[in-house]
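Visitor: A predicted structure for the sequence below; I have some questions about it.
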Amino acid sequence: MILKAILSNKAHPEYGQATVPFPIPDSEYDHTIGLLEDMGIGSPTAQDCRVDKLDSPYPILNRLAAQNANVDELDYLAKRLGSFSVGEAEKFQAMASRLCLSGIKDFINLTFCCQQATVISDFSDLERVGKDHALTINGGMMPTSEFNRVDGQAAALDLIQSGAGIVTPYGVVYDNGMKLEQVYDGRHFSEYFYQDCVASVALSRPGQDGRETLYLPCPDIKIARALQRLDVKDVSQCTAVLDTDDICDAVRKVFEEEFKLNEHLDALNRLARCYRGFKDDELEKLHTVFDHAWPQTPEEAAYLAENLRDFTVINGISTAEEYGQIIADRMDVSPELAEFLDLQRLGQRQIDEEGGEFGDWGYVAYKGTQPEIKEILGRHIPPTQEPQIGGMA
(Lines give C-alpha, C1' and ligand atoms only; values in the text may rest on other atoms or scores of the structure.)
Protein backbone atom coordinates (compact mmCIF):
# COMPACT_ATOMS: atom_id res chain seq x y z
CA MET A 1 0.00 0.00 0.00
CA ILE A 2 1.36 3.41 -1.02
CA LEU A 3 -1.64 5.55 -0.18
CA LYS A 4 -4.70 5.16 1.99
CA ALA A 5 -7.51 7.59 1.25
CA ILE A 6 -10.79 8.24 2.99
CA LEU A 7 -13.25 9.11 0.23
CA SER A 8 -16.76 10.51 0.25
CA ASN A 9 -19.41 12.03 -2.01
CA LYS A 10 -19.15 15.81 -1.70
CA ALA A 11 -22.72 16.32 -2.87
CA HIS A 12 -24.06 13.65 -0.50
CA PRO A 13 -21.93 13.42 2.66
CA GLU A 14 -24.75 11.44 4.24
CA TYR A 15 -23.72 8.47 2.07
CA GLY A 16 -20.76 7.98 4.40
CA GLN A 17 -17.08 7.36 3.76
CA ALA A 18 -14.97 4.61 2.26
CA THR A 19 -11.36 3.88 3.21
CA VAL A 20 -9.50 2.71 0.11
CA PRO A 21 -5.87 1.48 -0.05
CA PHE A 22 -3.96 2.29 -3.22
CA PRO A 23 -2.88 0.68 -5.46
CA ILE A 24 -6.06 -1.37 -5.43
CA PRO A 25 -5.25 -5.10 -5.77
CA ASP A 26 -6.99 -6.73 -8.73
CA SER A 27 -8.62 -9.14 -6.30
CA GLU A 28 -10.27 -6.18 -4.53
CA TYR A 29 -10.98 -3.98 -7.54
CA ASP A 30 -14.55 -5.11 -8.26
CA HIS A 31 -15.48 -4.83 -4.59
CA THR A 32 -13.90 -1.38 -4.26
CA ILE A 33 -15.63 0.04 -7.32
CA GLY A 34 -18.94 -1.45 -6.18
CA LEU A 35 -18.50 0.14 -2.76
CA LEU A 36 -17.88 3.55 -4.31
CA GLU A 37 -20.75 3.21 -6.75
CA ASP A 38 -23.06 2.54 -3.82
CA MET A 39 -21.99 5.97 -2.58
CA GLY A 40 -22.71 7.56 -5.96
CA ILE A 41 -19.03 7.97 -6.87
CA GLY A 42 -16.29 5.93 -8.58
CA SER A 43 -16.87 7.07 -12.18
CA PRO A 44 -14.19 6.01 -14.70
CA THR A 45 -14.05 9.55 -16.10
CA ALA A 46 -15.28 12.08 -13.51
CA GLN A 47 -13.38 13.44 -10.52
CA ASP A 48 -16.20 12.58 -8.15
CA CYS A 49 -14.34 11.22 -5.10
CA ARG A 50 -13.75 13.80 -2.38
CA VAL A 51 -10.49 13.09 -0.55
CA ASP A 52 -11.38 13.64 3.10
CA LYS A 53 -8.07 12.35 4.39
CA LEU A 54 -4.96 10.85 2.89
CA ASP A 55 -2.27 8.81 4.59
CA SER A 56 1.01 8.14 2.78
CA PRO A 57 4.82 8.46 3.06
CA TYR A 58 4.47 11.56 0.85
CA PRO A 59 3.38 14.52 3.03
CA ILE A 60 3.11 16.72 -0.07
CA LEU A 61 0.08 14.69 -1.14
CA ASN A 62 -1.87 16.06 1.81
CA ARG A 63 -2.56 18.96 -0.52
CA LEU A 64 -5.15 16.69 -2.14
CA ALA A 65 -7.27 16.77 1.01
CA ALA A 66 -10.68 18.40 0.49
CA GLN A 67 -10.25 18.08 -3.30
CA ASN A 68 -12.10 15.80 -5.70
CA ALA A 69 -10.20 13.14 -7.61
CA ASN A 70 -10.94 10.20 -9.87
CA VAL A 71 -10.45 6.82 -8.21
CA ASP A 72 -8.34 5.53 -11.11
CA GLU A 73 -6.18 8.66 -10.92
CA LEU A 74 -5.42 7.88 -7.29
CA ASP A 75 -4.69 4.28 -8.23
CA TYR A 76 -2.37 5.26 -11.08
CA LEU A 77 -0.51 7.83 -8.95
CA ALA A 78 0.04 5.23 -6.23
CA LYS A 79 1.43 2.78 -8.79
CA ARG A 80 3.81 5.40 -10.16
CA LEU A 81 5.03 6.37 -6.69
CA GLY A 82 5.30 2.74 -5.64
CA SER A 83 8.30 2.22 -7.90
CA PHE A 84 10.21 5.29 -6.67
CA SER A 85 13.54 5.08 -4.90
CA VAL A 86 14.25 7.24 -1.85
CA GLY A 87 16.01 9.75 -4.08
CA GLU A 88 13.13 9.91 -6.54
CA ALA A 89 10.68 10.42 -3.69
CA GLU A 90 12.76 13.40 -2.50
CA LYS A 91 12.79 14.86 -5.99
CA PHE A 92 9.05 14.38 -6.40
CA GLN A 93 8.17 16.16 -3.19
CA ALA A 94 10.74 18.93 -3.57
CA MET A 95 9.68 19.73 -7.15
CA ALA A 96 5.99 19.60 -6.20
CA SER A 97 6.75 22.16 -3.52
CA ARG A 98 8.93 24.22 -5.88
CA LEU A 99 6.17 24.34 -8.53
CA CYS A 100 3.36 24.83 -5.97
CA LEU A 101 1.50 21.80 -7.30
CA SER A 102 -1.67 20.68 -5.57
CA GLY A 103 -3.82 18.85 -8.15
CA ILE A 104 -3.69 15.15 -8.88
CA LYS A 105 -3.20 15.64 -12.62
CA ASP A 106 -0.06 17.67 -11.98
CA PHE A 107 1.16 15.17 -9.41
CA ILE A 108 0.79 12.36 -11.96
CA ASN A 109 2.62 14.33 -14.64
CA LEU A 110 5.39 15.19 -12.20
CA THR A 111 6.14 11.48 -11.70
CA PHE A 112 7.32 11.36 -15.32
CA CYS A 113 9.88 14.18 -15.05
CA CYS A 114 10.90 14.80 -11.42
CA GLN A 115 13.91 12.52 -11.95
CA GLN A 116 15.52 15.38 -13.92
CA ALA A 117 15.84 17.52 -10.78
CA THR A 118 18.61 17.56 -8.19
CA VAL A 119 17.80 17.75 -4.50
CA ILE A 120 20.32 18.36 -1.73
CA SER A 121 18.96 17.28 1.63
CA ASP A 122 22.33 16.50 3.23
CA PHE A 123 25.33 18.79 2.75
CA SER A 124 27.72 16.60 4.76
CA ASP A 125 28.92 14.57 1.75
CA LEU A 126 29.50 16.95 -1.16
CA GLU A 127 31.38 14.31 -3.13
CA ARG A 128 28.26 12.17 -3.29
CA VAL A 129 26.05 15.22 -3.98
CA GLY A 130 28.19 16.24 -6.95
CA LYS A 131 28.38 12.77 -8.44
CA ASP A 132 24.63 12.29 -8.05
CA HIS A 133 24.06 15.63 -9.79
CA ALA A 134 26.36 14.64 -12.67
CA LEU A 135 24.44 11.40 -13.06
CA THR A 136 21.12 13.25 -12.98
CA ILE A 137 21.97 15.77 -15.68
CA ASN A 138 23.17 12.90 -17.87
CA GLY A 139 19.77 11.24 -17.79
CA GLY A 140 20.65 8.84 -14.99
CA MET A 141 23.21 6.95 -17.08
CA MET A 142 26.96 7.44 -17.48
CA PRO A 143 29.86 5.19 -18.47
CA THR A 144 31.54 3.97 -15.31
CA SER A 145 34.90 5.42 -16.32
CA GLU A 146 33.36 8.84 -16.93
CA PHE A 147 31.41 8.74 -13.67
CA ASN A 148 34.56 7.86 -11.73
CA ARG A 149 36.36 10.89 -13.20
CA VAL A 150 33.74 13.32 -11.85
CA ASP A 151 35.09 15.59 -9.11
CA GLY A 152 32.00 15.39 -6.94
CA GLN A 153 32.98 18.05 -4.45
CA ALA A 154 33.78 20.58 -7.18
CA ALA A 155 30.55 19.80 -9.03
CA ALA A 156 28.54 20.21 -5.83
CA LEU A 157 30.17 23.55 -4.98
CA ASP A 158 29.53 24.83 -8.51
CA LEU A 159 25.89 23.83 -8.19
CA ILE A 160 25.44 25.45 -4.79
CA GLN A 161 27.20 28.64 -5.82
CA SER A 162 25.06 28.94 -8.96
CA GLY A 163 22.28 30.33 -6.80
CA ALA A 164 19.69 28.34 -8.74
CA GLY A 165 18.58 26.33 -5.74
CA ILE A 166 15.19 26.80 -4.11
CA VAL A 167 14.75 25.87 -0.47
CA THR A 168 11.79 23.54 0.18
CA PRO A 169 10.74 21.46 3.19
CA TYR A 170 12.25 18.48 1.35
CA GLY A 171 15.67 19.96 0.58
CA VAL A 172 17.25 22.49 -1.74
CA VAL A 173 16.01 21.71 -5.23
CA TYR A 174 17.55 22.53 -8.61
CA ASP A 175 15.20 21.97 -11.52
CA ASN A 176 18.00 21.62 -14.13
CA GLY A 177 15.62 23.03 -16.76
CA MET A 178 12.90 20.45 -16.09
CA LYS A 179 9.54 21.14 -17.75
CA LEU A 180 6.27 19.74 -16.48
CA GLU A 181 4.90 18.03 -19.58
CA GLN A 182 1.28 16.92 -19.95
CA VAL A 183 1.91 13.19 -20.27
CA TYR A 184 -1.41 12.52 -18.55
CA ASP A 185 -4.17 14.45 -20.28
CA GLY A 186 -6.71 14.08 -17.50
CA ARG A 187 -8.49 11.13 -19.10
CA HIS A 188 -6.13 8.53 -20.59
CA PHE A 189 -3.38 6.90 -18.57
CA SER A 190 -0.01 6.37 -20.23
CA GLU A 191 1.34 2.87 -20.45
CA TYR A 192 3.01 1.84 -17.21
CA PHE A 193 3.98 -1.69 -16.19
CA TYR A 194 3.53 -1.57 -12.45
CA GLN A 195 3.81 -5.35 -12.18
CA ASP A 196 4.36 -8.32 -14.47
CA CYS A 197 1.49 -9.17 -16.77
CA VAL A 198 0.90 -12.09 -19.11
CA ALA A 199 -0.05 -9.81 -21.99
CA SER A 200 -0.80 -6.15 -22.55
CA VAL A 201 -3.26 -4.74 -25.06
CA ALA A 202 -3.36 -1.16 -26.34
CA LEU A 203 -6.87 0.09 -27.14
CA SER A 204 -7.55 3.20 -29.19
CA ARG A 205 -10.51 4.74 -30.95
CA PRO A 206 -9.95 5.23 -34.70
CA GLY A 207 -9.66 8.89 -35.58
CA GLN A 208 -9.39 10.00 -31.95
CA ASP A 209 -6.48 10.84 -29.69
CA GLY A 210 -5.92 8.87 -26.54
CA ARG A 211 -5.02 5.31 -25.79
CA GLU A 212 -5.78 2.87 -22.99
CA THR A 213 -3.53 -0.02 -22.03
CA LEU A 214 -4.90 -3.17 -20.43
CA TYR A 215 -2.59 -5.41 -18.42
CA LEU A 216 -3.91 -8.95 -18.64
CA PRO A 217 -5.21 -10.75 -16.76
CA CYS A 218 -7.34 -8.00 -15.28
CA PRO A 219 -10.81 -7.70 -13.76
CA ASP A 220 -13.44 -7.48 -16.50
CA ILE A 221 -14.63 -4.18 -15.07
CA LYS A 222 -11.25 -2.62 -15.91
CA ILE A 223 -11.92 -3.35 -19.58
CA ALA A 224 -15.35 -1.73 -19.33
CA ARG A 225 -13.91 1.36 -17.63
CA ALA A 226 -11.19 1.70 -20.28
CA LEU A 227 -13.89 1.66 -22.96
CA GLN A 228 -15.78 4.41 -21.15
CA ARG A 229 -12.65 6.56 -21.09
CA LEU A 230 -12.39 5.99 -24.84
CA ASP A 231 -16.08 6.90 -25.15
CA VAL A 232 -17.08 3.68 -26.92
CA LYS A 233 -19.74 1.16 -26.01
CA ASP A 234 -18.02 -2.00 -27.23
CA VAL A 235 -14.43 -3.11 -27.68
CA SER A 236 -15.19 -4.01 -31.31
CA GLN A 237 -15.29 -0.25 -31.98
CA CYS A 238 -11.63 0.02 -30.96
CA THR A 239 -8.34 -0.79 -32.55
CA ALA A 240 -6.67 -3.39 -30.34
CA VAL A 241 -2.96 -4.17 -30.52
CA LEU A 242 -1.18 -6.89 -28.59
CA ASP A 243 1.77 -4.91 -27.23
CA THR A 244 3.55 -7.57 -25.24
CA ASP A 245 2.86 -11.24 -24.88
CA ASP A 246 4.45 -13.71 -22.48
CA ILE A 247 1.92 -16.46 -23.22
CA CYS A 248 3.56 -18.04 -26.25
CA ASP A 249 4.30 -17.16 -29.86
CA ALA A 250 1.35 -19.29 -30.95
CA VAL A 251 -1.16 -17.17 -29.06
CA ARG A 252 0.36 -14.00 -30.51
CA LYS A 253 -0.08 -15.44 -33.99
CA VAL A 254 -3.70 -16.31 -33.32
CA PHE A 255 -4.62 -12.81 -32.15
CA GLU A 256 -2.48 -10.95 -34.68
CA GLU A 257 -3.06 -12.98 -37.84
CA GLU A 258 -6.10 -15.22 -37.56
CA PHE A 259 -8.66 -13.51 -35.33
CA LYS A 260 -9.45 -9.88 -34.60
CA LEU A 261 -8.29 -9.18 -31.09
CA ASN A 262 -10.98 -6.52 -30.59
CA GLU A 263 -13.61 -9.25 -31.08
CA HIS A 264 -11.96 -11.79 -28.79
CA LEU A 265 -10.44 -9.68 -26.00
CA ASP A 266 -12.45 -11.49 -23.35
CA ALA A 267 -11.03 -14.82 -24.50
CA LEU A 268 -7.47 -13.48 -24.29
CA ASN A 269 -8.14 -12.20 -20.77
CA ARG A 270 -9.49 -15.62 -19.76
CA LEU A 271 -6.44 -17.33 -21.25
CA ALA A 272 -4.14 -14.89 -19.46
CA ARG A 273 -5.93 -15.59 -16.19
CA CYS A 274 -5.25 -19.30 -16.64
CA TYR A 275 -1.63 -18.77 -17.63
CA ARG A 276 -1.05 -16.62 -14.56
CA GLY A 277 -1.95 -19.55 -12.32
CA PHE A 278 -0.16 -22.32 -14.25
CA LYS A 279 3.21 -23.79 -13.34
CA ASP A 280 5.64 -25.03 -15.98
CA ASP A 281 4.32 -28.59 -15.95
CA GLU A 282 0.75 -27.32 -16.31
CA LEU A 283 1.75 -25.16 -19.28
CA GLU A 284 3.28 -28.22 -20.92
CA LYS A 285 0.06 -30.10 -20.23
CA LEU A 286 -1.98 -27.25 -21.72
CA HIS A 287 0.06 -27.20 -24.92
CA THR A 288 -0.35 -30.96 -25.28
CA VAL A 289 -4.13 -30.62 -24.91
CA PHE A 290 -4.18 -27.82 -27.50
CA ASP A 291 -2.14 -29.94 -29.90
CA HIS A 292 -4.54 -32.81 -29.43
CA ALA A 293 -7.84 -30.92 -29.54
CA TRP A 294 -6.96 -28.17 -32.02
CA PRO A 295 -9.44 -25.55 -30.80
CA GLN A 296 -10.92 -23.56 -33.65
CA THR A 297 -11.53 -20.26 -31.84
CA PRO A 298 -9.85 -18.32 -29.02
CA GLU A 299 -12.95 -18.97 -26.91
CA GLU A 300 -12.50 -22.72 -27.29
CA ALA A 301 -8.83 -22.38 -26.35
CA ALA A 302 -9.78 -20.44 -23.21
CA TYR A 303 -12.41 -23.04 -22.33
CA LEU A 304 -9.89 -25.85 -22.63
CA ALA A 305 -7.46 -23.95 -20.39
CA GLU A 306 -10.15 -23.32 -17.79
CA ASN A 307 -10.95 -27.05 -17.66
CA LEU A 308 -7.39 -28.34 -17.82
CA ARG A 309 -7.77 -30.12 -14.48
CA ASP A 310 -10.20 -32.58 -16.12
CA PHE A 311 -7.55 -33.86 -18.54
CA THR A 312 -5.06 -36.67 -18.04
CA VAL A 313 -1.92 -35.94 -20.02
CA ILE A 314 1.21 -38.08 -20.28
CA ASN A 315 3.83 -36.54 -22.51
CA GLY A 316 6.38 -38.52 -24.46
CA ILE A 317 4.50 -41.80 -24.96
CA SER A 318 2.89 -43.13 -28.13
CA THR A 319 1.86 -46.75 -27.45
CA ALA A 320 -0.42 -48.67 -25.11
CA GLU A 321 2.59 -50.70 -23.97
CA GLU A 322 4.38 -47.55 -22.79
CA TYR A 323 1.25 -46.51 -20.92
CA GLY A 324 1.08 -49.97 -19.39
CA GLN A 325 4.67 -49.62 -18.15
CA ILE A 326 3.78 -46.30 -16.48
CA ILE A 327 0.79 -47.94 -14.77
CA ALA A 328 3.00 -50.79 -13.58
CA ASP A 329 5.56 -48.34 -12.22
CA ARG A 330 2.82 -46.49 -10.34
CA MET A 331 1.66 -49.79 -8.85
CA ASP A 332 5.24 -50.40 -7.65
CA VAL A 333 5.22 -53.86 -9.22
CA SER A 334 8.33 -55.88 -8.37
CA PRO A 335 10.70 -56.75 -11.27
CA GLU A 336 9.93 -60.44 -10.83
CA LEU A 337 6.18 -59.93 -11.21
CA ALA A 338 6.58 -57.36 -13.96
CA GLU A 339 7.93 -60.07 -16.28
CA PHE A 340 4.50 -61.71 -16.29
CA LEU A 341 2.49 -58.55 -16.95
CA ASP A 342 0.99 -57.94 -20.39
CA LEU A 343 1.87 -54.22 -20.54
CA GLN A 344 0.15 -53.78 -23.89
CA ARG A 345 -3.12 -55.16 -22.52
CA LEU A 346 -2.80 -53.26 -19.25
CA GLY A 347 -2.27 -49.96 -21.06
CA GLN A 348 -5.01 -50.58 -23.62
CA ARG A 349 -7.56 -51.40 -20.95
CA GLN A 350 -6.83 -48.08 -19.23
CA ILE A 351 -7.03 -46.23 -22.53
CA ASP A 352 -10.41 -47.81 -23.28
CA GLU A 353 -11.71 -46.87 -19.84
CA GLU A 354 -10.53 -43.25 -20.17
CA GLY A 355 -11.38 -42.83 -23.84
CA GLY A 356 -7.90 -41.42 -24.40
CA GLU A 357 -5.87 -41.00 -27.58
CA PHE A 358 -2.26 -40.55 -28.60
CA GLY A 359 -1.10 -37.41 -30.33
CA ASP A 360 2.20 -35.94 -31.47
CA TRP A 361 3.13 -34.88 -27.93
CA GLY A 362 1.78 -37.79 -25.94
CA TYR A 363 -1.36 -39.31 -24.45
CA VAL A 364 -4.50 -37.23 -23.72
CA ALA A 365 -7.74 -38.27 -22.04
CA TYR A 366 -10.67 -36.12 -20.95
CA LYS A 367 -12.26 -37.24 -17.68
CA GLY A 368 -14.81 -34.43 -17.30
CA THR A 369 -18.45 -34.16 -18.26
CA GLN A 370 -18.66 -30.80 -20.03
CA PRO A 371 -20.52 -31.30 -23.34
CA GLU A 372 -18.68 -28.33 -24.88
CA ILE A 373 -15.32 -30.00 -24.29
CA LYS A 374 -16.59 -33.28 -25.72
CA GLU A 375 -17.81 -31.42 -28.79
CA ILE A 376 -14.37 -29.87 -29.30
CA LEU A 377 -12.66 -33.23 -28.90
CA GLY A 378 -15.23 -34.85 -31.19
CA ARG A 379 -13.95 -32.72 -34.05
CA HIS A 380 -10.48 -34.16 -33.64
CA ILE A 381 -8.54 -33.77 -36.87
CA PRO A 382 -6.25 -36.56 -38.09
CA PRO A 383 -2.55 -35.80 -37.47
CA THR A 384 -1.93 -35.47 -41.20
CA GLN A 385 -3.99 -32.26 -41.31
CA GLU A 386 -3.01 -28.79 -40.17
CA PRO A 387 -4.57 -27.27 -37.03
CA GLN A 388 -7.40 -24.83 -37.74
CA ILE A 389 -6.12 -22.34 -35.19
CA GLY A 390 -2.63 -22.28 -36.71
CA GLY A 391 0.11 -22.88 -34.18
CA MET A 392 -2.06 -22.61 -31.06
CA ALA A 393 -0.23 -25.66 -29.78
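Guide: That came through, no problem.

Visitor: how about stretch 20-28: buried residues?
Guide: Within stretch 20-28, the residues that count as buried by 16 or more other CB atoms under 10 Å are V20, P21, F22, P23, I24. Where C-beta positions appear, they are placed from N, C-alpha and C, glycine not excepted.

Visitor: which one of the residues you listed is nearest D72?
Guide: Closest approach to D72 among these (CB to CB): I24, at 9.1 Å.

Visitor: show me what contacts that closest one?
Guide: Applying CB atoms under 8 Å, 6 or more residues apart in numbering to I24 gives the contacts T32, D75.

Visitor: run a quick neighbour tally on A199.
Guide: 23 (other CB atoms under 10 Å).

Visitor: what is the least confident helix or strand in this protein?
Guide: In the chain, no helix or strand scores lower on mean pLDDT, DSSP states H and E than helix 249-253, which sits at a mean of 63.

Visitor: contact partners of stretch 224-242?
Guide: Against stretch 224-242 from outside (CB under 8 Å, 6+ apart): 33, 44-45, 72, 187-188, 199-206, 208, 210, 212, 214, 223, 252, 255-256, 260-263, 265, 268.

Visitor: one more time with 6 Å, if that's ok
Guide: For stretch 224-242, contacts defined as CB atoms under 6 Å, 6 or more residues apart in numbering pick out 44-45, 187, 201-206, 212, 255, 261-263, 265.

Visitor: so which residues of the stretch 1-150 of the chain form helices?
Guide: 26-38, 71-82, 86-98, 104-110, 126-137, 144-149 (DSSP state H, counting those that start in this stretch).

Visitor: let me redo that: the stretch 251-393 of the chain
Guide: 265-277, 280-293, 298-306, 320-330, 335-338, 343-354, 371-378.

Visitor: same list (these) but as TSV, adding mean pLDDT and distance to T312.
Guide: Converted to TSV, the helices of the stretch 251-393 of the chain look like this (pLDDT from 0 to 100; distance: least, CB to CB, whole Å):
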stretch	mean pLDDT	distance to T312
helix 265-277	91	18
helix 280-293	88	9
helix 298-306	92	14
helix 320-330	89	10
helix 335-338	66	22
helix 343-354	92	6
helix 371-378	88	13
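
Visitor: can you flag the buried ones in the contacts of stretch 224-242?
Guide: P44, R187, V201, A202, L203, S204, R205, E212, F255, L261, N262, L265.

Visitor: right, and the pair among those with maximum separation?
Guide: R187 and F255 (26.5 Å).

Visitor: on that earlier part again, could the helices of the stretch 251-393 of the chain go into JSON lines alongside distance to Y29?
Guide: Output for the helices of the stretch 251-393 of the chain, formatted as JSON lines (distance: least, CB to CB, whole Å):
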{"stretch": "helix 265-277", "distance to Y29": "14"}
{"stretch": "helix 280-293", "distance to Y29": "25"}
{"stretch": "helix 298-306", "distance to Y29": "21"}
{"stretch": "helix 320-330", "distance to Y29": "43"}
{"stretch": "helix 335-338", "distance to Y29": "55"}
{"stretch": "helix 343-354", "distance to Y29": "40"}
{"stretch": "helix 371-378", "distance to Y29": "29"}
